[in-house]
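>>> sharing a model prediction with you, sequence too.
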Amino acid sequence: MSEPAGFGAPTAQPKPTELDDCLRACAVHSGKLVGSLDTRRTALAEALRQLLALVAAGEDQPSPAPSGAGSLLRRGAKVVGGGMSNKMLDALLAVGNKALDCGYDDELNLTLLISDTVLTQRKNSRAGWRLRGRLLEAIGRPAAAADAFERYLELTTEDGYGVRARLAGIKAANTARAELLTVLAGAVPDSARFAGGPATDMWAEGLAAHALGDWAGAQARLVGALLAMDSAEVPEQEIQEAIGQYLDLNTELHTRPTPELIQAIALYAAARRNRMRGPVPDPMFGGVQWLSLGEFRNRIAGKSVCLIANSGKVGESSMGSQIDDYDLVVRFNSYRIDPAHTGKRTDIHVTIHKHAFNWDKPVDIRLVFGGNSPDWKYSVRNKLVPGAQTYVGDESLRWPVRNIGALTTEQFAAIPTSGFNMLWLLDYLDVSPTLDLIGFDFYESGAYRIPEAMKLAITNVHEYGSEKAWVMERAQSVSGMRISLR
């Protein structure tokens, strides 16, 4: 993936950009997406539609200036930062994230422009810095991405997106690649003569020399080209591809690899691995034990269970002591603890794999849900905190409604929530004498989460109405905050 054209080499430092310029670019880009069959671009088109609706409603206007003597001194001055409403900020970030998901050059250009704009208007926007880090990493600027991610971490106490692990992975990969190039340069001293020339020309000459059987000449030019690429800071993906090709050519010529080649391959693998998932401090995750469907059933059999919603009315329920009286307390995703209202204990933490909120909080069982197996495996490998759980659900528990229940999109069209997946699983296993839901109003009273997660939208990809209907069809009793299914 190449970096966006027309912007030079993007860095962590944003380019000062006016909101109006960004909004005009968004309007133009929206027109380009009409009729697109790409599902990622369709999602981007919807995010752009919502953004432009806010513009039409006047939400792009700067927030009212404060009154008083201080404002008089600034009257007539152009607002550079803070001149965007919170709604506009959230809508721009939504467009930026959807554009980044597309991965095409046009969309990467748009993401960069949005990132520049957001961080011009809100220089301390955590979401803005995280978006910039993800973009810089996607276009092959890992060092700049690390700077952006460090800025994000300076601004937050809750790392619900696994940015700290991502940052560690980038730094470890950068170190491994630097060591790799040092090894190659030391093994091929003549490469220094070619490291100052144009990398593309040196690479072509090296391949030509290899085709003629002149491996010594080829090796010097190819390694010289790699060193030139590094000096010129070409996108990381291009350097990785070139290093891989060089190692392939080298391996083909050696039935018995040299120590330098073995070391280079190991460093190449370390760089690639760390860019994918970051370093894992404890491969066994602190001695965690994996739970299959049958083993999970055995651990909950005969026990009273309550599921605590992350709803607004839970935060003022005064049911803390009653909640703690259950044998097992189940909480979800970015749950928030206030003992008087929510209770103190969490025995089972159920979370979607995309976030890492509360993954560091000690629990007996952590169930990580996800619809896509490779993405789920990546998240479990990268985000689990060693020692924070005794048991983790294995892939048999990854996506209960679809994988265990085999409910098709015709039977249940929407993406099931974490709460519905867990409730469906407990109802299916049918081994709990008490199965109560506390505070489940399907977000009618708003969200009650840890502060870091409060800005997350109550997403429309779920059908809360369908889930509510399923619950009420099976409810044995409904009393105040409590819905009992047994």
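Received it, and whenever you're ready, just let me know what you need. Numbers count the residues shown, from 1 in each chain.
>>> which residues touch Tyr335?
Tyr335 makes contact with 308, 310, 342, 346, 349, 358, 449-450 under the criterion CB atoms under 8 Å, 6 or more residues apart in numbering. Where C-beta positions appear, they are placed from N, C-alpha and C, glycine not excepted.
>>> over to Ala301?
Ala301 is in contact with 431-432, counting by CB under 8 Å, 6+ apart.
>>> next secondary structure after the helix or strand of the chain at the bottom of the mean pLDDT ranking?
The weakest-scoring helix or strand in the chain, judged by mean pLDDT, DSSP states H and E, is helix 69-74 (a mean of 37). Downstream of helix 69-74, the next assigned helix or strand under DSSP states H and E is helix 86-102.
>>> okay, buried residues for that following helix please.
Judged by neighbour count using 16 or more other CB atoms under 10 Å, the buried positions of helix 86-102 are 88-102.
>>> out of the residues you listed, who's nearest Leu167?
Proximity of the buried residues of helix 86-102 to Leu167 was ranked by CB to CB; the top entry is Leu100 with 17.7 Å.
>>> neighbours of the residue nearest to that closest one when sequence neighbours are not counted, just the number please.
Spatial nearest neighbour of Leu100, chain neighbours left out: Thr111 (4.7 Å); criterion: CB to CB, 6 or more residues apart in numbering. Neighbour count for Thr111, taken as other CB atoms under 10 Å: 26.
>>> contacts only, for Thr111.
Contact partners of Thr111, counting by CB under 8 Å, 6+ apart, are 96, 99-100, 131, 135.
>>> could you look up the SS state of it?
Judged by DSSP: H, G, I helix; E, B strand; the rest coil, the three-state class of Thr111 is helix.
>>> Trp290 now?
Secondary structure, three-state DSSP: Trp290 is strand.
>>> and Asp20, that's in a helix?
Yes: counting by three-state DSSP, Asp20 falls inside a helix.
>>> tell me how far the strand ranked longest in the chain lies from the chain's centre.
Taking DSSP state E as the criterion, the chain has its longest strand at strand 363-369. Offset of strand 363-369 from its chain centre (CA atoms, centre = their mean, to the nearest Å): 19 Å.
>>> Asp327 and Lys303 touch, don't they?
Yes: counting by CB atoms under 8 Å, Asp327 touches Lys303, with 3.7 Å between them.
>>> output the contacts of Thr111 in JSON lines; the columns should cover pLDDT and distance to His210.
Shown next, in JSON lines, are the contacts of Thr111 (pLDDT from 0 to 100; distance: CB to CB, whole Å):
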{"residue": "Gly96", "pLDDT": "97", "distance to His210": "43"}
{"residue": "Ala99", "pLDDT": "96", "distance to His210": "40"}
{"residue": "Leu100", "pLDDT": "96", "distance to His210": "38"}
{"residue": "Leu131", "pLDDT": "97", "distance to His210": "42"}
{"residue": "Leu135", "pLDDT": "97", "distance to His210": "36"}
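>>> closest to Leu429 among these?
Nearest to Leu429 among these is Leu100, at 39.1 Å by CB to CB.
>>> quick one: that closest one from Ala148, how far?
Applying CB to CB, to the nearest Å, the value for Leu100 to Ala148 is 13 Å.
>>> what of Pro374?
From Pro374 to Ala148 the distance is 26 Å (CB to CB).
>>> neighbour count: those two, which is higher?
Using other CB under 10 Å, the more surrounded residue of Pro374 and Ala148 is Ala148, with 29 against 8.
>>> how close does that one sit to Gly393?
33 Å.
>>> Leu110: neighbouring residues, count only.
Look at Leu110: counted by other CB under 10 Å, it has 26 neighbours.
>>> so for Asp282, what's the pLDDT?
Asp282 is assigned 66 on the pLDDT scale.
>>> check Arg275 too.
Here, the pLDDT recorded for Arg275 equals 86.
>>> wait, what's in contact with it?
For Arg275, the contact set (CB under 8 Å, 6+ apart) comprises 142, 169-170, 173, 236.
>>> same deal with Arg297?
Arg297 sits next to 429, 431 when contact means CB under 8 Å, 6+ apart.
>>> please apply the same query to Arg49.
Arg49 sits next to Ser30 when contact means CB under 8 Å, 6+ apart.
>>> wait, is it part of a strand?
No: with three-state DSSP as the criterion, Arg49 is located in helix rather than a strand.
>>> next, the contact list for Lys303, please.
Lys303 makes contact with 327-328, 432-433, according to CB under 8 Å, 6+ apart.
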